[in-house]
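# Pasting the sequence and the predicted coordinates here, then a few questions.
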Amino acid sequence: MPVYNGGEGIVENVDEIRRAVCEQVAADDLELIVVSDGSIDGTEERLLESRSDRLRVIHYDRNLGKGYAVKAGALASRGAWVALVDADLDLDPHAVTDYLEVAEREQLDFAIGSKRHPDSIVRYPRSRRIASRLYQSLNRILFRLDVRDTQVGLKVFNGGVVDDVVPLLLVKRFAFDLELLAVATALGHDRIRELPVRLEYRFSGSALGSRAVLRALWDTAAIFYRLRILRTYQRKQRFVGSSAAEALPLVSVVGGVPAEVLDYGRLELVPDARSGTGELVAVLSEDARPAGNWLAASVPFFADPGVASVVVPTVTPLRVSVARRAAAAVLESRLGGGSRRSRHFPGNVRVVTDFPAASVVARRVDYLAALEAGIDRERLVAWLHERDRLTVYTPDTSVSAVPPPVFRPHLRATLEHARARGSVARRGRGTTLSAATALSLLPAACAVVGLVLLFATGGIARDIGAVLVLAYVACVVGAAVLGATRFRSLRAGLLVAPALVATQAAYVAGFMHGFLRPR
């Protein structure tokens, strides 16, 4: 059950869904997973207070979209069948067991709700009916889906779909349901049956605005491009294993996080990495807060003996000061983040050779070996790479942390990071240089060239210089606008532009210092 700001009634809604399903499913055969998608109204606290053995709560501090929440919950599930149910009770939860019965009897991959089923009872705004019909017609043409309605928030699918399909999905917000069905069908999970729904639309979800429509169409086009042109999902299959480990390893957690925050069955809280007994060690940076599925999403990668550590994106919660929002906007931008940028939209599981591992899950033997060698977490991933040990980056979980505010603390942190990157590049003779960072600095390099041409030459060369400078200014302004929108603060957006320029200058200076200084 994905939920965002469920309000005071969320516990009652979850309990009503539990009672409806338990009318036909034994309590011991049921687990309820509620994913709080960056809620800021106390939803997480209410759910944790009411949590029982059958209720699991996963919370993270940044709203990342319903699709991201569904993916996190599905990957954490342990059942042979998974039901996706909206927590707002627009849809009758009694249908879950009916869908399950049909899916088991007919050996389906999916039993999904459809507003267009002849037996459906739907009270739905006319505008949304029209938009839904047009959208589903488009989907039938693009993806050859024999489905009349992909978007209803009531679906039952089997564990094979969770293992084979869900880890591949990238859409986090507007077209997740379509992506799930389209990719599953392309990979052979095409036994789908539409079933009736009873829909009492309460206007509790998002409104049908022009921006939402455009984003849905954009995501739909992106799914088609990745599936039919790039074949991204097919190529990503090599990273996918079972979402559930046969036996959970013990994880020693360092960092003072309360155990109840983490949705993981075997962990111990220890003051430092050396004092634990777990096969794996999870280390949090100071004042960091992990998503509830941090360990559950990271541990399965260690089934590969070549994997030494797993790193995840670091995101900033929205309720921080303006100066910290501006710093976060810089770090999450393509111009200012470089190799540190959190890639949630979209996010790809991949192997990384150099990554700032302020928070990391690692094998104990590898982590202790790094400590003995005097390697800090800033250089851990590159050090492991030099020893042919793999580090996996997964965007399917996250850690939230508040960055230093602009300007002086942020620039000081950038200098320290850049010096470490330069030192690593010097030892690796440039083999660990980050393409992401190089691309983030390319516009600034063009601007420098443009300034030289603008003031030191004339004629067409001067015109080219002016174009380069204006292009860089446009990039910086665009990043500032995006930062203001993402962090919901005009004042933060105004700080982003000068902070970006200063960040790039500080990074270049720090990197050159780390690269050129004597050993």
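That came in fine, so what should we check first? Note that this is a predicted model, so its numbers are computed, not measured.

# who's in contact with Ala297?
Ala72, Leu75, Ala76, Ala291, Val312, Thr394, Asp396, Thr397 (Cβ atoms under 8 Å, 6 or more residues apart in numbering). For every residue, glycine as well, the C-beta is placed using N, CA and C.

# For those, which single residue is the most surrounded?
Neighbours here mean other Cβ atoms under 10 Å. Within those, the largest count is held by Ala291, at 29 neighbours.

# residues in contact with the closest residue to that one other than its chain neighbours?
With Cβ to Cβ, 6 or more residues apart in numbering as the measure, Tyr60 is the residue that lies nearest to Ala291, at 3.6 Å, once sequence neighbours are left out. Each residue near Tyr60 by Cβ under 8 Å, 6+ apart is listed here: Ser36, Asp37, Gly38, Ala72, Ala291, Gly292, Asn293, Val315, Thr397, Ser398, Ser400.

# Please narrow the residues you listed to those residing in helices.
Mapping the contacts of Tyr60 onto helices (DSSP state H) picks out Ala72.

# From the contacts of Tyr60, which shows the smallest pLDDT?
Lowest model confidence among the contacts of Tyr60 falls on Val315, which carries 85.

# Please report the number of neighbouring residues for the nearest residue to it once chain neighbours are set aside.
In this structure, Val315 finds its nearest non-sequential neighbour in Arg62, 4.4 Å apart by Cβ to Cβ, 6+ apart. Using other Cβ under 10 Å as the criterion, Arg62 is surrounded by 18 other residues.

# From Ala447, how far off is Ala466?
Applying Cβ to Cβ, to the nearest Å, the value for Ala466 to Ala447 is 11 Å.

# Show the subsequent helix or strand relative to the lowest-mean-pLDDT helix or strand in the chain.
Between all helices and strands in the chain, the lowest mean by mean pLDDT, DSSP states H and E belongs to strand 198-200, at a mean of 77. Reading on from strand 198-200 to the C-terminus, the next helix or strand found by DSSP states H and E is helix 210-224.

# which helices and strands does that next one pack with?
Based on contacts counted as 3 or more Cβ pairs under 8 Å, 6 or more residues apart in numbering; DSSP states H and E, the elements that helix 210-224 packs against are helix 126-143, helix 176-186.

# Identify the residues contacting the next helix or strand after the last one?
The reference is to helix 176-186. Taking DSSP H and E as the definition, the helix or strand that follows helix 176-186 towards the C-terminus is strand 192-196. Identification of contacts with strand 192-196 by Cβ under 8 Å, 6+ apart yields 95, 98-99, 102-103, 106, 108-114, 116-121, 146-149, 181, 185.

# got the angle for strand 192-196 vs helix 176-186?
Comparing the axes of strand 192-196 and helix 176-186 via axes from the mean of the first three to the mean of the last three Cα atoms, to 10 degrees yields an angle of 140 degrees.

# Dump the C-alpha coordinates for strand 192-196 into CSV.
Output of strand 192-196 as CSV, limited to C-alpha atoms (Å, rounded to 0.1, in the frame of the first residue of the first chain):
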residue,chain,number,x,y,z
ILE,A,192,-3.2,-11.0,-17.8
ARG,A,193,-6.9,-10.9,-17.0
GLU,A,194,-9.0,-7.8,-16.3
LEU,A,195,-11.6,-8.0,-13.6
PRO,A,196,-14.3,-5.7,-12.4
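
# Begin at 301, not 1, for the rest of this chat.
Sure thing, new numbering starts at 301, so read that last one as strand 492-496.

# hey, what's Glu568 bridged with?
In this structure, Glu568 has the following beta-bridge partners (DSSP bridges): Ser552.

# how much space between it and Pro558?
Using Cβ to Cβ, one gets 13 Å for the distance from Glu568 to Pro558.

# rewinding a little: so which of the helices and strands packed on helix 510-524 is the most packed in?
helix 476-486 (a mean of 24; mean count of other Cβ atoms under 10 Å).

# how far is the helix or strand where Val461 lies from where the chain is centred?
In this assignment (DSSP H and E), Val461 forms part of helix 459-464. Between the centre of helix 459-464 and the centre of its chain there are 19 Å (Cα atoms, centre = their mean, to the nearest Å).

# Ok, stretch 552-566 next?
A distance of 20 Å separates the C-alpha centroid of stretch 552-566 from that of its chain, computed with Cα atoms, centre = their mean.

# does Val611 really touch Thr691, like I thought?
Yes. A contact is recorded between Val611 and Thr691 when judged using Cβ atoms under 8 Å, the distance being 6.1 Å.

# which residues do these two both contact?
Between them, Val611 and Thr691 share the contacting residues Val652, Phe655, Ala657, Val681, judged by Cβ under 8 Å, 6+ apart.

# Mind checking which of these land in helices?
Assigned to helices by DSSP H, the following of the shared contacts of Val611 and Thr691 qualify: Val681.

# Please check the shared contacts of Val611 and Thr691 and keep the buried ones.
Val652, Phe655, Ala657, Val681 (16 or more other Cβ atoms under 10 Å).

# can I get those residues in TSV with distance to Arg719 and pLDDT?
Shown next, in TSV, are these (distance: Cβ to Cβ, whole Å; pLDDT from 0 to 100):
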residue	distance to Arg719	pLDDT
Val652	20	86
Phe655	16	84
Ala657	16	89
Val681	16	93
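
# Of all pairs in those, which one spans the longest distance?
In terms of Cβ to Cβ, those reach their longest pairwise distance at Val652 and Ala657, which sit 9.4 Å apart.

# joint contacts of these two?
The overlap between the contact sets of Val652 and Ala657 (Cβ under 8 Å, 6+ apart) consists of Val611, Val681, Thr691.

# Cool, thanks, signing off.
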